[in-house]
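Asker: fold the following and give me the result.
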Amino acid sequence: MELRTIGAGALAVGAVGLGCMPMSWAYSTSRQRGEESLRAVHRALDAGSTLLDTADMYGPFTNELLLGRVLRERRSDAFVSTKVGLLVGDQHIVANGRPGYVRRACDASLRRLQTDVIDLYQLHRADPEVPVEETWGAMADLVRAGKVRALGLCAVGARSARRPGARLYDTTIRQLERVQQVFPVSAVEAELSVWSPEALRSLLPWCASRGIGFLAAMPLGSGFLTGTLTPGVGFEADDPRARHPRFTAEMMAANQPIVVGLRRVARRHGAHVTPAQVALAWVLGLGRQVIPVPGTKQERWAAENAAAADLRLTERDLAEIAELPAAQGSWD
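Answerer: Down below sits the predicted model:
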């Protein structure tokens, strides 16, 4: 697979990453099976999807434990990205950016992942009670201690800033400007897909102008852009899509023209090409610093997603995708 680089340190990763969250957090938990997820990780690595994206809160903790079973055997094949800053409680999630906690959390993640270094350590959310510079400074100390290779930040504020005239991701950009004064940011992770392109307006250009890598989260629209979801077929009660305005039967039906358009483009490239691969190829075409990180827990989809790195969209394809209708339904 084509390699892309993250940040000034030019950390090399496969062009398509693997989002590991569905293996042990949200999204149809009754169908989460450890052995199947392990096979998916191995298949992704075999295909060149070296970036494994996880977080200590997924599970919580069980996602890192699962990846640790793979890394114990294949650490040299993987680029490990995990996150810190969120604690999972009973029916709630809270931020914790205290320096002491960050240091302890990193050590715990290293133990669970069965590795002596984390390639990319990301701040999941800033703690409103702690200046973000203090949290970032503690993370920078981990780089100096050799426990972490590079630092990243997860975007916030995209769905809350819906007032007229607001620029999405303003909150994240302000945080980035602050922490850049403390220690370099190597990567930013934010949602970016055909049906959720908001990051194109300000956040992606901000990163591109500074040589910062961009991890495109949810590049398949939480599964919608794969064309495998049926409007009206319910999600499990603990699946966040069951309560999501854009995943009601009405809105899923209204947004089908997007999938139809992706499928039309896919057919021009051969019967084996899928709408999901077209959606990923579109993200890949946004810049060489962009790495889509589709999530899956199945070996089949991990292989299909990785193969999207070989798909080259034409000018006609891109023009058709640009003309697709905007997604209906609120993200709020």
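Asker: from now on I want contacts and neighbour counts done on CA atoms only, so please keep to that.
Answerer: Fine.
Asker: residue 47: neighbour count?
Answerer: 18 (other Cα atoms under 10 Å).
Asker: excluding its backbone neighbours, what's nearest it?
Answerer: Setting aside the residues directly before and after it, residue 47 is nearest to residue 306 in space (Cα to Cα, 6 or more residues apart in numbering), at 6.3 Å.
Asker: for residue 86, see how far away the one you found is.
Answerer: Distance of residue 306 to residue 86, given as Cα to Cα, to the nearest Å: 29 Å.
Asker: and what of residue 294?
Answerer: The spacing between residue 294 and residue 86, counted by Cα to Cα, is 21 Å.
Asker: do I have it right that residue 276 meets residue 222?
Answerer: No - the pair residue 276 and residue 222 does not pass the contact test of Cα atoms under 8 Å, sitting 11.0 Å apart.
Asker: flag the shaky bits of the stretch 151-300 of the chain, pLDDT-wise.
Answerer: 157-166 (pLDDT under 70).
Asker: can you show me the strands along it?
Answerer: Taking DSSP state E, counting those that start in this stretch as the criterion, the stretch 151-300 of the chain carries its strands at 187-191, 213-217, 290-293.
Asker: ok, now the stretch 1-150 of the chain?
Answerer: According to DSSP E, counting those that start in this stretch, the stretch 1-150 of the chain carries its strands in the segments 3-6, 11-14, 18-19, 51-53, 79-84, 86-89, 92-95, 118-123, 148-154.
Asker: related to what we said a few turns ago, to residue 75, which of the strands of the stretch 151-300 of the chain lies closest?
Answerer: Nearest to residue 75 among the strands of the stretch 151-300 of the chain is strand 290-293; the distance by Cα to Cα comes to 19.0 Å.
Asker: if I pick the residue nearest the centre of the chain, what's in contact with it?
Answerer: Most central in the chain under Cα atoms, centre = their mean is residue 217, positioned 2.8 Å from the mean C-alpha point. By Cα atoms under 8 Å, 6 or more residues apart in numbering, the contact list for residue 217 reads 19, 189, 190, 191, 192, 292, 293, 294.
Asker: excluding its backbone neighbours, what's nearest the fourth one?
Answerer: In space, not counting the residues next to it along the chain, residue 191 is nearest to residue 217; the distance is 4.4 Å by Cα to Cα, 6+ apart.
Asker: just residue 229 next, same as before
Answerer: Spatially, and ignoring its direct neighbours in sequence, residue 229 is nearest to residue 223 (7.1 Å; Cα to Cα, 6+ apart).
Asker: swap in residue 148?
Answerer: Nearest to residue 148 is residue 118, by Cα to Cα, 6+ apart, at 4.7 Å.
Asker: and what of residue 294?
Answerer: Nearest non-adjacent residue to residue 294 (Cα to Cα, 6+ apart): residue 19, at 5.3 Å.
Asker: got the contact list for that neighbour?
Answerer: Contacts of residue 19 (Cα under 8 Å, 6+ apart): 52, 53, 54, 217, 293, 294, 295, 296.
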